[in-house]
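Engineer: predicted model and sequence follow; I will ask about them next.
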Amino acid sequence: MPKAAIYHFTNGSDIRPIVHLKELEKLKKYANKRGYEDIDVYVDKTITKHEQDQLKELMDNIGDYDVLIMKDFYHLRKNTGICISELLNINKQGVDILTIRDGRFDFEEAPFDKELNVAIYYCGLEIVGHSVDLQYEIMELFIKTKTKWKLIDKYCDVNGNRSNANQKEQKRLIKNKNKYDVLLVQSFNSVHWRTGRFCVIRNQLELDIYSMQEDVFLPYRKEN
């Protein structure tokens, strides 16, 4: 019988424990709906990562499960790059990952041999002290030498992404999304460093994303 693990954390407050209990019930129903009856539940009563002993235990035993189910990817890691790295490691062990809010990430081989329209997005604080033109050159050279893709447009936010208001060019990119098949970034953190915000922006973009730093292709598919 397929076996599922559910992971969730709460802030440990005793004021409204019913809140996280309801979340756990939603996760169990979500698992049951997808055919999982054999379920182990891991819950941490702290939002501080280094104190989340249940998450550590889950990761030690992750190979025992067929699927990991969470509310969202933020529950795994707050930082986008670290979260995706851990997702890749979990996938390598043959474990599927499903979330109620963010759906799923399916990593695939990048379609470098296909003639696709691509947009570049660079976030200025990713590499401090390097000119935007140099970053564009690096990404354009990658497209030219490694792919059959056609560069359509370039976007850059030089004030970083610690504040949503700083990513004005990203908003323009979202408006123009129908012009492109793929978004090329230097790292997934360029889209946004916070996992929760990354998932929101990804759903707004509705584009496949390739990250040069992680060497990972993340296709976009709408959830049924």
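Structural biologist: Structure's in. What do you need?
Engineer: what's the average pLDDT for the longest helix along the chain?
Structural biologist: Longest helix in the chain by number of residues (criterion: DSSP state H): helix 17-33. Over the span of helix 17-33, the pLDDT mean works out to 89.
Engineer: tabulate the CA atom coordinates of it in PDB.
Structural biologist: Output of helix 17-33 as PDB, limited to C-alpha atoms (Å, rounded to 0.1, in the frame of the first residue of the first chain):
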ATOM      1  CA  PRO A  17      -4.700  25.200  18.700                       C
ATOM      2  CA  ILE A  18      -7.900  24.500  16.600                       C
ATOM      3  CA  VAL A  19      -6.300  26.300  13.700                       C
ATOM      4  CA  HIS A  20      -3.400  23.900  13.100                       C
ATOM      5  CA  LEU A  21      -5.700  20.900  13.900                       C
ATOM      6  CA  LYS A  22      -8.000  22.000  11.100                       C
ATOM      7  CA  GLU A  23      -5.000  22.400   8.800                       C
ATOM      8  CA  LEU A  24      -3.900  18.800   9.600                       C
ATOM      9  CA  GLU A  25      -7.400  17.600   8.900                       C
ATOM     10  CA  LYS A  26      -7.400  19.300   5.500                       C
ATOM     11  CA  LEU A  27      -4.000  17.600   4.700                       C
ATOM     12  CA  LYS A  28      -5.300  14.200   5.700                       C
ATOM     13  CA  LYS A  29      -8.400  14.600   3.500                       C
ATOM     14  CA  TYR A  30      -6.200  15.800   0.700                       C
ATOM     15  CA  ALA A  31      -4.100  12.700   1.100                       C
ATOM     16  CA  ASN A  32      -7.100  10.400   1.200                       C
ATOM     17  CA  LYS A  33      -8.600  12.000  -1.900                       C
END
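Engineer: quick check: buried residues in whatever helix or strand comes next after it?
Structural biologist: Going down the chain from helix 17-33, the next helix or strand is strand 38-44, by DSSP states H and E. Across strand 38-44, burial judged by 16 or more other Cβ atoms under 10 Å covers 39, 41-44. All C-beta spots, glycine's among them, are computed from the backbone N, C-alpha and C.
Engineer: so what touches the helix or strand of the chain with the lowest mean pLDDT?
Structural biologist: Across the helices and strands of the chain, mean pLDDT, DSSP states H and E gives its lowest value to helix 17-33, namely a mean of 89. Helix 17-33 is contacted by residues 4, 6, 8, 10, 39, 41, 43, 67, 69-71, 98, 100 when judged by Cβ atoms under 8 Å, 6 or more residues apart in numbering.
Engineer: returning to that earlier point: what angle separates the longest helix of the chain from strand 38-44?
Structural biologist: Angle, helix 17-33 to strand 38-44, by axes from the mean of the first three to the mean of the last three Cα atoms, to 10 degrees: 150 degrees.
Engineer: can you give me the strands in this structure?
Structural biologist: Secondary structure of the chain by DSSP state E: the strands cover 3-9, 38-44, 67-70, 96-99, 117-123, 150-157, 182-185, 208-211, 216-218.
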